[in-house]
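Fold the following, please.
(one chain, ligands or ions: 2)
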Amino acid sequence: MMNDKNRVVIFDTTLRDGEQSPGATMTHDEKLEIAELLDDMGVDVIEAGFPIASEGDFRAVSEIAERSKDAVICGLARAQLPDIDRCWEAVKNAGKPRIHTFIGTSPLHRAIPNLTKDEMAERIEQTVTHARNLCDNVQWSPMDATRTEWDYLCRVVEIAIKSGATTINIPDTVGYTAPIESADLIRRLIETVPGADEVIFATHCHNDLGMATANSLAAVEGGARQIECTINGLGERAGNTALEEVVMALKVRNDIMPYHTGIDTKKIMHISRRVSTVSGFPVQFNKAIVGKNAFAHESGIHQDGMLKNAETFEIMRPEDVGISGTSLPLGKHSGRAALRAKLKELGVDVGDNQLKDIFVRFKDLADRKKEVFDDDILALVSASGDGDDALQLVNLHVTCGTGPAEATLEMEIDGKEESATSEGDGPVDATFKAVRMLHPNKARLQLYQVHAVTEGTDAQATVSVRLEEDGMIATGQSADTDTVVASAKAYIHALNRLIVRRGKTGKDVKEISYRDVT
Ligand code: KIV
Ligand code: ZN
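Ligands and ions are numbered 1, 2, ... in the order given. The predicted model follows:
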């Protein structure tokens, strides 16, 4: 792979930089699922987490490492020996492990641990050497590189290379750089720093000014051969470079950017939907490549052109990113085999028990809705419950109109049916209050979001709910043709996950952020 000078390594950090973004917390099983999808899609390096941050992160990185197939599994570590040791413990069982260690090198970041330039240089030498003694694949990052003094950046990059780093990542931590500067910085580093030709240079961009994709592609022009990115551009603030954007840009504009990746682009849409579901971060409708409208041609003139020749308005085909073009909807006469075939076509792999569960809900939906489209099926998959949940919705009756709404809710709590009635400011408020009467809790509602899955008034609504309690975050999703029922189920789903976290796994919150650089 490395002998091909135009091959760009795709380094996905959805499970580290993406997951660390407030509210995007994923469960252990969700992290394993996403890692497997990334591996199957052809991602070269998966940054699976920050092992010293919490017990949960350590377990997730270790298990992802053990289950990895082709991808390099990487863990993040601050420039401290115990961090690096913990990181190595977590990744060492991967077929291809990598340690990624970093320190903030700009004047603002140097001030946090209060190190002089010389002291920091010494720390870099010591920590990179230590990492390299443990693992022969070491990545080093000068955090906030784009705001680090040029001379000092050259000096520390040289030290990291001499100490054994095999990949040098140049982060634009605050999304400050612009394309011309991004290309120029990498080009000059490669020209100036002794030993630069023996390592891979990587680019890691944040999207604060909306330039992350352009900056990453420009860095490749400048000589970078690794792009760090996340699915859907997930990440704190405005997010990271979106994997689907850089990969498709390199594919579609290969005429002017003659670089290639190992990504199976047909798997993009499915993983985008899964990341959106498990993180509770919806994809904006007009988002490039994976937005609901990215391939929709609404206006008459566009539709006319499309019917005559799809290339009139399409620079890539929906199939290229895994959107099945003309697939027929299912209906109430479709059987289990048809559902299984449809799921396969959509790239969804489910076990027999999950298929049984989805089939029951598919039949229920098909009774209420004439045509069940691909998006409806995907919503059913995303909303499939966790099985032995402590709280289950049994019945919901709501009256609402111009006056106050009233909800009567029956719920099974640890196997026992109970019921409550509450008034509220609208049907959803009344329903959530009734849930709280039956299961009192102090969880704060951080997010409540409703989306119509397809067109029409009989469309299913998907609802996402994010709750926060004592620093623990849990998300819940559900789908139903009745928006209030979907809301109740999503709320109960999130509460069930909080119960599991509180009980079985204890308080699984990150104690350290990668920004706590000391
Ligand atoms: O944005 C950043 O600087 C990072 C580093 C830890 C690489 O995520
Ligand atoms: Zn970052």
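
tell me the contacts of the closest residue to ligand 1 within the stretch 301-450 of the chain?
When CB to the nearest ligand atom is the measure, the stretch 301-450 of the chain has its nearest residue to ligand 1 at Gln446, with 23.2 Å between them. For the C-beta atoms, the positions are set from N, CA and C on the backbone; glycine is no exception. The neighbourhood of Gln446, defined by CB atoms under 8 Å, 6 or more residues apart in numbering, consists of 23, 466-468, 473.

Adding distance to ligand 1, secondary structure and pLDDT, write the residues you listed out as TSV.
Shown next, in TSV, are the contacts of Gln446 (distance: CB to the nearest ligand atom, whole Å; DSSP: H, G, I helix; E, B strand; the rest coil; pLDDT from 0 to 100):
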residue	distance to ligand 1	secondary structure	pLDDT
Gly23	17	coil	76
Arg466	23	strand	87
Leu467	27	strand	89
Glu468	23	strand	88
Ile473	20	strand	79
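
Quote the end-to-end distance of stretch 214-231.
Taking CA to CA, to the nearest Å as the measure, stretch 214-231 stretches 16 Å from start to finish.

Mind checking the pLDDT average for it?
Stretch 214-231 carries an average pLDDT of 98.

Start from the N-terminal end of the stretch 251-400 of the chain and give the helices.
Using DSSP state H, counting those that start in this stretch, the helices of the stretch 251-400 of the chain run over 268-279, 300-308, 336-345, 352-368, 374-382.

a markdown table for these, including mean neighbour count, distance to ligand 1 and mean pLDDT?
Formatted as a markdown table, the entries for these read as follows, by neighbours: other CB atoms under 10 Å; distance: least, CB to the nearest ligand atom, whole Å; pLDDT from 0 to 100:
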| stretch | mean neighbour count | distance to ligand 1 | mean pLDDT |
| --- | --- | --- | --- |
| helix 268-279 | 23 | 17 | 91 |
| helix 300-308 | 12 | 38 | 60 |
| helix 336-345 | 15 | 35 | 85 |
| helix 352-368 | 15 | 35 | 87 |
| helix 374-382 | 22 | 28 | 80 |
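
rewinding a little: just the buried residues of the contacts of Gln446.
Among the contacts of Gln446, those that count as buried by neighbour count (16 or more other CB atoms under 10 Å) are 466-468, 473.

quick one on the thing from earlier: relative to Lys433, which of the contacts of Gln446 is nearest.
When those are ranked by distance to Lys433 (CB to CB), Leu467 comes first, at 14.8 Å.

picking up where we left off before, just curious, which of the buried ones among the contacts of Gln446 is nearest to Thr457?
The shortest separation between Thr457 and any of the buried ones among the contacts of Gln446 is 27.2 Å, and it belongs to Arg466 (by CB to CB).

Quick one: residues contacting that closest one.
With contacts taken as CB under 8 Å, 6+ apart, Arg466 has the following neighbours: 23, 280, 445-447, 473-476, 494.

From those, which shows the smallest pLDDT?
Of all those, the one the model is least sure of by pLDDT is Gly23, with 76.

Quick check: the two most widely separated of the contacts of Gln446?
The farthest-apart pair in those, when distances are taken by CB to CB, is Gly23 and Leu467, at 10.2 Å.

Now the common contact residues for those two.
Looking at what touches both Gly23 and Leu467 (by CB under 8 Å, 6+ apart), the common residues are 446, 473, 475.

how many neighbours does Arg497 have?
For Arg497, the number of neighbouring residues by other CB atoms under 10 Å comes to 19.

same check, this time on the one 5 residues further on
Residues near Arg502, counting by other CB under 10 Å, number 16.

any idea how far the nearest residue to it once chain neighbours are set aside is from Gln284?
Closest residue in space to Arg502, ignoring its immediate chain neighbours: Met472 at 7.2 Å, by CB to CB, 6 or more residues apart in numbering. Applying CB to CB, to the nearest Å, the value for Met472 to Gln284 is 27 Å.

Compare neighbour counts for these two and give me the winner.
Using other CB under 10 Å as the criterion, Met472 and Gln284 rank with Met472 on top: 18 against 13.

Residues in a beta bridge with the residue nearest to Arg502, which ones?
Partner residues in beta bridges with Met472: Glu469, with DSSP bridges as the criterion.

just checking, Trp88 touches Asp136?
No - using CB atoms under 8 Å, Trp88 is not in contact with Asp136; the gap is 11.7 Å.

the more surrounded of these two?
Trp88 (19 against 11).

what's near enough to touch Asn215?
Contacts here follow CB under 8 Å, 6+ apart; on that basis Asn215 touches 172, 177-179, 182, 203, 205, 241.

Walk me through the domains of the protein.
As given by automatic domain parsing, the domain ranges for the chain are 9-279, 293-323, 324-382, 391-504.

rank those by mean pLDDT and give me the bottom one.
Between the domains of the chain, the model is least confident about domain 293-323 (mean pLDDT), which shows a mean of 73.

Quick one: end-to-end length of it, please.
The straight-line separation of the ends of domain 293-323 (CA to CA) is 12 Å.

I figured Leu32 hits Ser68, correct?
No - in this structure, Leu32 is not within contact of Ser68 by CB under 8 Å, at 10.6 Å.

Comparing the two, which residue is more hemmed in?
More neighbours surround Ser68 than the other of Leu32 and Ser68, with 22 against 17 (other CB under 10 Å).

Now do the contacts for that one.
The contact partners of Ser68, taken as CB under 8 Å, 6+ apart, are 35, 39, 46, 94-96.

Can you lay out the residues you listed as CSV showing distance to ligand 1, neighbour count and secondary structure?
What follows is the contacts of Ser68, written out as CSV (distance: CB to the nearest ligand atom, whole Å; neighbours: other CB atoms under 10 Å; DSSP: H, G, I helix; E, B strand; the rest coil):
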residue, distance to ligand 1, neighbour count, secondary structure
Ala35, 18, 27, helix
Asp39, 21, 19, helix
Ile46, 15, 28, strand
Ala94, 19, 25, coil
Gly95, 24, 12, coil
Lys96, 20, 16, coil
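
would a markdown table of these with distance to His109 be doable?
As requested, these are exported to a markdown table (distance: CB to CB, whole Å):
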| residue | distance to His109 |
| --- | --- |
| Ala35 | 29 |
| Asp39 | 33 |
| Ile46 | 26 |
| Ala94 | 29 |
| Gly95 | 34 |
| Lys96 | 30 |
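
Looking at those residues, which is nearest Asp4?
Using CB to CB, the contacts of Ser68 come closest to Asp4 at Lys96, 17.6 Å.

How many residues are close by the residue nearest to that closest one when sequence neighbours are not counted?
Counting by CB to CB, 6+ apart, Lys96 lies nearest to Val72, which is 4.2 Å off, once chain neighbours are set aside. Neighbour count of Val72, defined by other CB under 10 Å: 21.

Kindly state the beta-bridge partners for Val72.
Bridge pairing for Val72 (DSSP bridges) gives the partners Val45.

Hmm, it is touching His100, no?
No - here Val72 does not reach His100: they are 10.3 Å apart, not a contact under CB under 8 Å.

now, which of the contacts of Asn215 lie within helices?
When helices are assigned by DSSP state H, the members of the contacts of Asn215 inside them are 179, 182.

List buried members of the contacts of Asn215 by neighbour count.
The buried subset of the contacts of Asn215 - by 16+ other CB under 10 Å - is 172, 177, 179, 182, 203, 205, 241.

ok, the last one - contacts?
By that I understand Thr241. With CB under 8 Å, 6+ apart, Thr241 has these contacts: 203-207, 212-213, 215-216, 227-230, 233.

quick one: which of these is nearest to Ala459?
Using CB to CB, Gly233 is the member of the contacts of Thr241 that sits closest to Ala459, with 26.4 Å.

correct me, but the closest one touches Gly239?
Yes - here Gly233 reaches Gly239: they are 4.1 Å apart, a contact under CB under 8 Å.

The two - which one has more neighbours?
Here Gly233 and Gly239 are set side by side on neighbour count (other CB under 10 Å), and the busier one is Gly233, at 26 against 23.
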